[in-house]
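J.: sequence-free structure coming up:
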């Protein structure tokens, strides 16, 4: 204990300090540039105006309502979509017959830009939250599907051989090894899906909505309230970062051995 | 010395000290074992051809041979993770097909599960075979202590060195108290110093447990140092060309490796690989 005391602060405080400094320099530069070049507020608002707009939106009760609508769409869409991807991923990875039946359609559907079908979904499911949940779920579905299939196939053969040599059944090999090997991949899928879910909900609201942060952005844009628009963008990125942190924390707890061995699964 | 020469050893049963070993003491009997792989272009590869071998109870037997001689294939067939094309394998009189609870296997790589602690890894066979956890956990802890890993029970594999990981693998192979231990080049990835100390440990472990051990290796000195008998295999097709009785006294010491007797055994085995040169890949 006493040995560690003289050591400097842990690495992450350094990183945080660096990020904070960079942020301050960036914001100060932005503010100075807007002021120096006389850029009109409706083109690029200065950070100070955004801060004021941000504060006003918070103080004024309407933001809370729109925020809760969008969060609801993101979370429900994420849960439904990733659960669906997970389940179909297991089915396809474990049954060659199911793979032959489903996989061609999955690939075909995956290549369709989900944003392009958003207008159709809004017509089918209406202007309320349901259509945004469906769009979000459709987008969150594929990262989970692809990563679950990849993860369940990632078990090294020598681990299977080891289990079989100790008379493990297929089910035991699945439960004790293949499932565990799939977890890091599944978390990569979840991390990608949560970020895409935010996009899905906003796109849905852009296409047609009565509430939500996307709807609010459009409204502020029509009124040339650029500072207000930027303020909502900040809220959206905070949502994205927050959800990503939640997933990362769960990942570190559940797939703890990946951090220990220094191996990381990247990409999606 | 003469007894180690091919004439006697090609028929392994002849090399058994006469009256002492009866058929009842033969634990594993391999007769006419063949393994043929089909390649994609339709050719047959004879990985194993006419393998006959009797392994006695509590015997330490080593198999040496260059890469591709089928020694690992033979071990995998005995372990039940590879099928055989033809032939018979019996263990304690019963036909052996598929994995058996009476076997413990140590692999080339430690093959530990990274999300399990040392103790949890050692307990894998107990969990798989649904044996009494309380009883065998005591045994697992004793084994871990025996290989010098006491205090590491709750560490994860990534916190251990390669030699320590392989020792965990050996504990796992022994935890369910199998009568027959199969080891597939278990020390191949270790440095020379660690390897020598692991060889000493393995000899001690074998002497104390009196298990039957089959060790596959491509180190001739390791084979001679540890084994009662060394089985020599050559590739294309994989077959047994010699079986040598190593009648060096026990317990053996590392210093023994410098004696002329030891050297003669090594030379007699190496003679078989004159054409292929080194055993190493």
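T.: Now that the structure is in, tell me what you want to look at. Model, not experiment: these values are computed from the prediction. Numbering: from 1, shown residues only, chains lettered A, B, ... in the order given.
J.: next structured bit after the helix or strand harbouring residue B:221?
T.: Secondary structure from DSSP states H and E places residue B:221 in helix B:220-226. Using DSSP H and E, the helix or strand that directly follows helix B:220-226 along the chain is strand B:229-234.
J.: packing partners for that next one?
T.: Counting contacts by 3 or more C-beta pairs under 8 Å, 6 or more residues apart in numbering or on different chains; DSSP states H and E, strand B:229-234 packs against strand B:60-64, strand B:239-245, helix B:260-270. Yep, even glycine has a C-beta here, placed from its N, CA and C like the rest.
J.: in the sheet, which strands lie alongside it, parallel or antiparallel?
T.: Within its sheet, strand B:229-234 is paired with strand B:60-64 (parallel), strand B:239-245 (antiparallel), according to DSSP bridges.
J.: quick one: residues in contact with it.
T.: With C-beta atoms under 8 Å, 6 or more residues apart in numbering or on different chains as the test, strand B:229-234 has contacts from B:12, B:15, B:53, B:59, B:61-66, B:69-71, B:74, B:223-224, B:239-246, B:265, B:269, B:272-273, B:276.
J.: of those, grab the buried ones for ChimeraX.
T.: Restricted to buried positions by 16 or more other C-beta atoms under 10 Å in any protein chain shown, the ChimeraX selection for the contacts of strand B:229-234 reads:
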select /B:12,15,53,59,61,62,63,64,65,66,69,70,71,74,223,224,239,240,242,243,244,245,246,265,269,272,273
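J.: nearest residue to the middle of chain B?
T.: residue B:215 (1.9 Å; C-alpha atoms, centre = their mean).
J.: how distant is the strand or helix carrying it from the center of its chain?
T.: Following DSSP H and E, one finds residue B:215 within strand B:212-217. Averaging C-alpha positions (C-alpha atoms, centre = their mean, to the nearest Å) puts strand B:212-217 2 Å from its chain's average.
J.: swap in stretch B:183-203?
T.: That offset, for stretch B:183-203, works out to 12 Å (C-alpha atoms, centre = their mean).
J.: do stretch B:159-170 as well
T.: Worked out by C-alpha atoms, centre = their mean, stretch B:159-170 lies 18 Å from the chain centre.
J.: do that stretch and chain A meet?
T.: Yes: against chain A, stretch B:159-170 shows contacts by C-beta under 8 Å from any C-beta of the partner chain at residue B:159.
J.: in that stretch, what's buried?
T.: For stretch B:159-170, using 16+ other C-beta under 10 Å, the buried residues are B:160, B:163, B:164, B:165, B:166, B:167, B:168, B:169, B:170.
J.: same question, stretch A:121-128
T.: Of all the residues in stretch A:121-128, those buried under the rule 16+ other C-beta under 10 Å are A:121, A:122, A:125, A:127.
J.: what's the mean pLDDT across it?
T.: Across stretch A:121-128, pLDDT averages out at 91.
J.: which helix or which strand is home to residue A:115?
T.: Element membership of residue A:115, judged by DSSP H and E, is helix A:114-125.
J.: contact partners for residue B:274?
T.: Applying C-beta under 8 Å, 6+ apart, no residues qualify as near residue B:274.
J.: re the thing from before, what pLDDT is listed against the residue nearest to the centre of chain B?
T.: Residue B:215 is given a pLDDT of 95.
J.: could you measure from residue B:43 over to residue A:201?
T.: Per C-beta to C-beta, to the nearest Å, residue B:43 is found 59 Å from residue A:201.
J.: first vs last residue of stretch B:77-86, how far apart are they?
T.: 11 Å (C-alpha to C-alpha, to the nearest Å).
J.: ok, residues contacting that stretch?
T.: A:161, A:164-165, B:28, B:30, B:32-36, B:48, B:73, B:76, B:89, B:96-100, B:103, B:105, B:182, B:214.
J.: mean confidence score for it?
T.: Rounded mean pLDDT across stretch B:77-86 is 90.
J.: just the buried positions in it, please.
T.: B:77, B:78, B:79, B:80, B:81, B:84, B:85.
J.: try stretch B:37-57
T.: For stretch B:37-57, using 16+ other C-beta under 10 Å, the buried residues are B:46, B:47, B:48, B:49, B:51, B:52, B:53, B:54, B:55, B:56, B:57.
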